[in-house]
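S.K.: everything below, folded, please.
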Amino acid sequence: MPTKGVLSINEVNALPEENFEWLFANVIELCPEAAPIVAAKRPFSSSEDLKKAFDDYLEKLDTHEKESILSRHPDLAGKITEEDKLTIESQNEQKSAGLDSMTDDEKQTLSNNNCLYKEKFQFPFVICAKENKVKSILAGLEVRLKNNKEVELKTGIEEVKKICRIRIDDLVWPDL
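M.R.: The predicted structure is shown next:
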């Protein structure tokens, strides 16, 4: 019996369109418009096939649309976190990385570097929090601040794909 996910790929394929759209509305942070486009590609042969459809959606976006996708992500441990306005998915992801228990120095470093990053690239720093902890996030942010915008746009979208895939894993049983 699968330990992750709530639906099999066959159940995903059988969902009415509005249920599919609701279930997958936030696998890409605050991007419900992806779900109907992906839903139209059913049936999927596997959960990997479903993940690839979301990856393809992201890849086909133009530069401005990719920047928009990145801009929908919250600053890590930023103001929206403090105001408790994160999506439930982002709350869980940031908590799993330990961002809710940073030292004051770590918070200040993250805040300062988030500001520098947004000033340089015009979108927030995006990293798959579930694959990282505080120290690797801080180190990654410092390294990525040295990139140019083209590299950061590509890197940021690759991180969005990782986040999306993990969120799909939480919804769909793994392939057997």
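
S.K.: run a quick neighbour tally on the residue nearest to residue 152 when sequence neighbours are not counted.
M.R.: Counting by CB to CB, 6 or more residues apart in numbering, the nearest residue to residue 152 once its immediate chain neighbours are dropped is residue 121, at 5.2 Å. For the C-beta atoms, the positions are set from N, CA and C on the backbone; glycine is no exception. By other CB atoms under 10 Å, 20 other residues sit near residue 121.

S.K.: residue 121 touches residue 149, doesn't it?
M.R.: Yes: Residue 121 is in contact with residue 149 according to CB atoms under 8 Å; the separation is 5.6 Å.

S.K.: who touches both of the two?
M.R.: When contacts are counted by CB atoms under 8 Å, 6 or more residues apart in numbering, residue 121 and residue 149 have no shared neighbour.

S.K.: so what's residue 86 scoring on pLDDT?
M.R.: Per-residue pLDDT puts residue 86 at 88.

S.K.: quick one: it is in a strand?
M.R.: No: with DSSP: H, G, I helix; E, B strand; the rest coil as the criterion, residue 86 is assigned coil and is not in a strand.

S.K.: just to revisit the earlier point, ok, the residue nearest to residue 152 - contacts?
M.R.: Residue 121 sits in contact with 149, 152, 153, where contact means CB under 8 Å, 6+ apart.
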